[in-house]
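Peer 1: pasting the structure only:
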Ligand SMILES: NC(=O)c1ccc[n+]([C@@H]2O[C@H](COP(=O)([O-])OP(=O)(O)OC[C@H]3O[C@@H](n4cnc5c(N)ncnc54)[C@H](O)[C@@H]3O)[C@@H](O)[C@H]2O)c1
């Protein structure tokens, strides 16, 4: 089928790539020529990496790239699309504008999906004349390596749209989970609950961040401990999501004080060189931390 991907940033170019690899024709749209070109370069790099690691052949790479067109023109992108997936920045107003603009161009059968990671798909879809064709498709970063897609069912989503979305996800070799549209979907809500409790345990002096992370890795088989994951994602991002979930779901998502303090101090994790851990050149600097040190 033909798929329009709107936004060629971190997620958009990855979604375009995995869809093209499954044989679909893709039109990738961003607002500036440099941005679509950058997205396309990202796809080329990922595919070349796959060829280098013998994950795909040179000719599969070439065929995949031949299935991708880029444009800055919305009508060119969505005019003949069977599925439109938006991956523009995380703002309700922006996504609503994109949805309404798209609906003016597409035909009545086209499905419109949002890759939002935290916003209400129901609210985004509310601007449509036919909101029953809207759905959330929450891909994970980077889409070419992450198998999961949360299929988010808005209040208005009908069965045809849900079935269409599930068929598409399976077709591109991803695994779906079906989630009713509610704050944090399934992943962020549970991931954050563990992450916030881990920070509270550090505050209470139960164990050091390193020991909490080690406990969950060795005891529960987590690939990465909850505190280290927070440093990876960015503590500002974690705080923002916690505030949103607190507003929607209640006090159990109240952000711990030490999380707020780290964000106020600009200690945002890996990207600033310090969060709950110290980071150098993208790697955790190992130092034996005592519980007292972490109560600062
Ligand atoms: N980055 C992640 O880890 C991640 C994971 C899952 C979901 N998401 C969600 O995916 C969406 C995109 O995130 P991202 O990290 O790719 O952002 P990004 O900033 O990397 O990319 C967004 C792109 O959209 C473009 N854009 C802005 N307005 C546009 C418009 N009207 N039409 C087309 N393109 C437009 C921007 O120029 C930019 O290139 C957000 O909703 C985000 O919450 C992000």
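Peer 2: Yep, it's here. This one's a predicted model, so the numbers in the text were calculated from it and none came from an experiment.

Peer 1: Tell me the strands beside the helix or strand of the chain with the lowest mean pLDDT, with direction?
Peer 2: One helix or strand of the chain scores below all others by mean pLDDT, DSSP states H and E: strand 283-284, with a mean of 89. Sheet pairing here is set by DSSP bridges, and for strand 283-284 it gives strand 279-280 (antiparallel).

Peer 1: what does the strand it pairs with contact?
Peer 2: Residues outside strand 279-280 that contact it (Cβ atoms under 8 Å, 6 or more residues apart in numbering) are 231, 269-270, 273, 285. Backbone N, C-alpha and C define where each C-beta goes, glycine included.

Peer 1: how does it look with 7 Å?
Peer 2: For strand 279-280, contacts defined as Cβ atoms under 7 Å, 6 or more residues apart in numbering pick out 270, 273, 285.

Peer 1: buried stuff in stretch 20-27?
Peer 2: For stretch 20-27, the neighbour count (16 or more other Cβ atoms under 10 Å) marks 20-22, 24-27 as buried.

Peer 1: Can you give me the buried ones in the helix or strand encompassing residue 20?
Peer 2: Assigned by DSSP states H and E, residue 20 falls within helix 10-21. Neighbour counts over helix 10-21 (16+ other Cβ under 10 Å) mark 11-21 as buried.

Peer 1: give me the subset of these touching the ligand.
Peer 2: Residues of the buried residues of helix 10-21 in contact with the ligand (Cβ under 6 Å from any ligand atom): 11-12.

Peer 1: Please report phi then psi for whatever residue of the chain ends up closest to the ligand.
Peer 2: The ligand sits closest to residue 9 of the chain, with a gap of 1.8 Å, by Cβ to the nearest ligand atom. Residue 9 adopts backbone torsions of phi -80, psi -150, taken as degrees, to the nearest 10.

Peer 1: residues in contact with the nearest residue to residue 109 once chain neighbours are set aside?
Peer 2: Excluding the flanking residues, the one nearest residue 109 by Cβ to Cβ, 6 or more residues apart in numbering is residue 82, at 7.4 Å. Residue 82 makes contacts with 1-3, 110, as judged by Cβ under 7 Å, 6+ apart.

Peer 1: Tell me the spacing between the most centrally placed residue in the chain and residue 119.
Peer 2: The centroid of the chain falls nearest to residue 140 when counting by Cα atoms, centre = their mean (4.3 Å). Taking Cβ to Cβ, to the nearest Å as the measure, residue 140 and residue 119 are separated by 16 Å.

Peer 1: and what of residue 65?
Peer 2: From residue 65 across to residue 119, the span is 32 Å (Cβ to Cβ).

Peer 1: Of those two, give the one with the bigger neighbour count.
Peer 2: Higher neighbour count among residue 65 and residue 119: residue 119, with 19 against 14, using other Cβ atoms under 10 Å.
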